[in-house]
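Q: fold the following for me, if possible:
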Amino acid sequence: MSEKKIIPADENSFPEKNKTNHNDELLLVNKRLAQQIEERKKRAAELIIANKELAFQNKEKEKRAAELVIANTELAYQNQEKEDRAAELIIANKELTFQNQEKGKRAAELVIANTELAYQNKEKEKRAAELLIANAELAYQNQEKEDRAAELVIANTELAYQNKEKQKRADELSIANSELLFQNKEKEKRAAELVIANTELAYQNQEKEDRAAELVIANKELTFQNKEKEKRAAELVIANKELAYQNKEKEKRAAELLIANTELTFQNNEKEKRAAELILANNELEAFTYISSHHLQEPLRKIQVFADRISTDEHQNLTDKGKYYFERIEVAAFHMQALINDLLTYSRTSVTEKKFENVNLNTIIDKVLEDLKKEIIIKKAIVEISGNCSAFIIPSQFHQLIYNLVSNSLKFSTKEKAPHITIESIYTKPTTKKNKSSADYCHIIISDNGIGFDPQFESRVFEMFQQLNNKTDYKGTGIGLAISKKIVENHNGVITATGKLHHGSKFDIYIPVV
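A: This next block holds a predicted model:
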């Protein structure tokens, strides 16, 4: 095989060619650099114009935001203008979408300019990367603005159907508008900082660290805004859930109201029936009262008159057995007269007109003791009065009440010791099982040292015709305490009785002061 010959290159011609190529490349680079400088100037001019347009658009946005606030204020007070405001809001959202598209175009052009600038030097590449990040953030903010606008449209739609939630939605809309104004101002600041960054990027590399710090701050603000948006979204979800719950509660209340109205109608019908029955009962009671006061008493009076004549004219002609029977007739007639009088008194406590007067109870007690003065002297009774209450009462009925209770204490006294009766009246608040109230009451306590009664009969003493003692020793009709209970009930009060056999009895009466 033949050997290859190595021909050495001409040492003088090679450097010259390299110099020529280098000069040509330098010229090309200078031309390209000049073209790029011209392009950057154009981009800077376009950026300034875009910034001016952005500033003008931001001012327009502020005007739109102000108009939107005014529209929302009017919406809170004028429901008829809702549709017009909603139409204006849709137009404003369309304009905002168009402006965002224009911003996207400007951002795309800015990305191209930064890409070309990245080929010049490494520092320009870093600045372009930062600019891309800033543009991405701007695009993200635009997307967030579109989301906010969509949420605003949804909020306004809900506001059209939920008048009761208008104020809350208006507040949320004001907050959203405030956030939109804040974001626009932030965008203006970002745009101004971007112009300054591009200008400084061409001449001052020392400002890199400041831009990076500002970018960190912007990221923090953006993170904070995202968190705030999430909170607003969560609050909106909660508000919707609460609104749905309130609607369900309203439906339940409406159903309950229908049921209550039905029950009320039924109760009113029942009351009318009861009122009619009560009128009939009162009419029957009046008829019974008339019969008792006229038809029953008339033959009884004749029996008493003829008995008195026989006792006067024919008493000496009667045998001892006849005299005994005649005395029994007189006693029975007297008992019949007392029974009729007590029944009339009991019926009158229900049918007589109830005229309440503010009276001092001691005045009525004094009148009762004056009426029973003769019997008190005969029994040598001791009556102690304490306290000083006034209340709205029916004087005649209350006189009957005190009279019945004091006369019972005198009647059911023992022969071994003189009657000792205490009457006490104090203001109090009752805590009995029958009446648990916070109103002021007058508590009247009437106690004695008489024969008393077995505690097992405490619930029966106020029943009609209940006589717990021997009729021969203690005469009566068994209606007196029933009359007393009826009078207390007419005063919306409570009466209770306690006693112990051979150790006296006590009556507690609670009468409302007003």
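
Q: check the chain for its longest helix and report it.
A: helix 208-290 (DSSP state H).

Q: what average pLDDT does that one get?
A: Averaged across helix 208-290, pLDDT comes to 85.

Q: centre of the chain versus that helix, how much separation?
A: Distance, stretch centre to chain centre, for helix 208-290: 9 Å (C-alpha atoms, centre = their mean, to the nearest Å).

Q: what helices and strands are in contact with it?
A: If you count contacts as 3 or more C-beta pairs under 8 Å, 6 or more residues apart in numbering; DSSP states H and E, helix 208-290 packs onto helix 122-161, helix 166-203, helix 320-351. Where C-beta positions appear, they are placed from N, C-alpha and C, glycine not excepted.

Q: which intervals of the stretch 351-500 of the chain have sub-threshold pLDDT?
A: Flagging of the stretch 351-500 of the chain using pLDDT under 70 yields the residue ranges 351-354, 430-439, 457, 459, 464-478.

Q: and if we set it to 90?
A: Filtered on pLDDT under 90, the stretch 351-500 of the chain yields the residue ranges 351-359, 371, 375, 379-380, 387-401, 404, 407-418, 427-441, 449-493, 497-500.

Q: surely residue 418 is in a strand?
A: No - Residue 418 is assigned coil when assessed by DSSP: H, G, I helix; E, B strand; the rest coil, not a strand.

Q: who touches it in this structure?
A: Taking C-beta atoms under 8 Å, 6 or more residues apart in numbering, we find residue 418 in contact with 379-382.

Q: mind putting the helices and strands packed on helix 208-290 in CSV, mean neighbour count and distance to residue 281 included?
A: What follows is those, written out as CSV (neighbours: other C-beta atoms under 10 Å; distance: least, C-beta to C-beta, whole Å):
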stretch, mean neighbour count, distance to residue 281
helix 122-161, 16, 57
helix 166-203, 16, 58
helix 320-351, 14, 9
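
Q: could you tell me the least trusted of these?
A: Among the helices and strands packed on helix 208-290, helix 320-351 carries the lowest mean pLDDT (a mean of 73).

Q: what comes up buried for stretch 232-243?
A: Within stretch 232-243, the residues scored as buried using 16 or more other C-beta atoms under 10 Å are 232, 236, 239.

Q: and for stretch 482-492?
A: 482-488, 490-491.

Q: and these, which is closest to residue 220?
A: Closest approach to residue 220 among the buried residues of stretch 482-492 (C-beta to C-beta): residue 491, at 78.1 Å.

Q: ok, now which ones touch the closest one?
A: Each residue near residue 491 by C-beta under 8 Å, 6+ apart is listed here: 393-394, 397-398, 511-512.

Q: so which of those residues are in helices?
A: Judged by DSSP H, those include 397-398 as members of helices.

Q: just give me the closest of the contacts of residue 491 to residue 181.
A: residue 512 (65.8 Å).

Q: just checking, that closest one touches residue 441?
A: Yes - judged on C-beta atoms under 8 Å, residue 512 makes contact with residue 441 at a distance of 5.8 Å.

Q: ok, how many other residues are close to residue 84?
A: 13 (other C-beta atoms under 10 Å).

Q: hey, what's in contact with both of residue 512 and residue 441?
A: Jointly contacting residue 512 and residue 441 under the rule C-beta under 8 Å, 6+ apart are residue 493.

Q: out of the two, which sits in the more crowded spot?
A: The neighbour comparison of residue 512 against residue 441 (other C-beta under 10 Å) goes to residue 441, with 23 against 18.

Q: give me the nearest residue to that one, chain neighbours excluded.
A: Among residues not flanking residue 441 along the chain, residue 510 sits closest, at 4.5 Å (C-beta to C-beta, 6 or more residues apart in numbering).

Q: mind listing the residues bridging to the one you found?
A: Taking DSSP bridges as the rule, residue 510 bridges to residue 443, residue 494.

Q: contacting residues around residue 497?
A: Applying C-beta under 8 Å, 6+ apart, the residues near residue 497 are 458, 461-462, 481, 505-508.

Q: before we move on, back to that, please report which of the contacts of residue 418 has the highest neighbour count.
A: residue 381 (19 neighbours).

Q: rewinding a little: what's the closest of the buried residues of stretch 482-492 to residue 362?
A: Checking the buried residues of stretch 482-492 against residue 362 by C-beta to C-beta gives residue 491 as the nearest, at 17.1 Å.

Q: quick one: buried ones out of the contacts of residue 497?
A: When the contacts of residue 497 are checked for burial by 16+ other C-beta under 10 Å, the buried set is 461-462, 481, 505, 507-508.

Q: look up how far residue 192 lies from residue 241.
A: According to C-beta to C-beta, to the nearest Å, residue 241 and residue 192 sit 43 Å apart.

Q: check the offset of stretch 145-155 from the chain's centre.
A: Centre-to-centre, stretch 145-155 and its host chain are 34 Å apart (C-alpha atoms, centre = their mean).

Q: same thing with stretch 68-83?
A: Its chain's C-alpha centre and that of stretch 68-83 lie 30 Å apart, by C-alpha atoms, centre = their mean.

Q: wait, which of the contacts of residue 418 is closest to residue 138?
A: Nearest to residue 138 among the contacts of residue 418, counting by C-beta to C-beta, is residue 382 at 105.6 Å.

Q: sec struct for residue 451, please.
A: Secondary structure, three-state DSSP: residue 451 is coil.

Q: now for it, how many residues are close by?
A: Residue 451 has 20 neighbouring residues, counting by other C-beta under 10 Å.

Q: before we move on, back to that, the buried residues of stretch 482-492 in helices, which ones?
A: Residues of the buried residues of stretch 482-492 located in helices (DSSP H): 482-488, 490.

Q: now these as JSON lines including distance to residue 74?
A: Formatted as JSON lines, these follow (distance: C-beta to C-beta, whole Å):
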{"residue": "482", "distance to residue 74": "74"}
{"residue": "483", "distance to residue 74": "73"}
{"residue": "484", "distance to residue 74": "72"}
{"residue": "485", "distance to residue 74": "69"}
{"residue": "486", "distance to residue 74": "68"}
{"residue": "487", "distance to residue 74": "68"}
{"residue": "488", "distance to residue 74": "66"}
{"residue": "490", "distance to residue 74": "63"}
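
Q: between those, which sits nearest residue 279?
A: Distance to residue 279 across these (C-beta to C-beta) is lowest for residue 490, with 18.4 Å.

Q: distance of that closest one relative to residue 399?
A: Per C-beta to C-beta, residue 490 is found 13 Å from residue 399.

Q: I'd like to know how far residue 425 sits from residue 313.
A: Computed as C-beta to C-beta, the residue 425 to residue 313 distance reads 53 Å.

Q: fine by me, thanks again.
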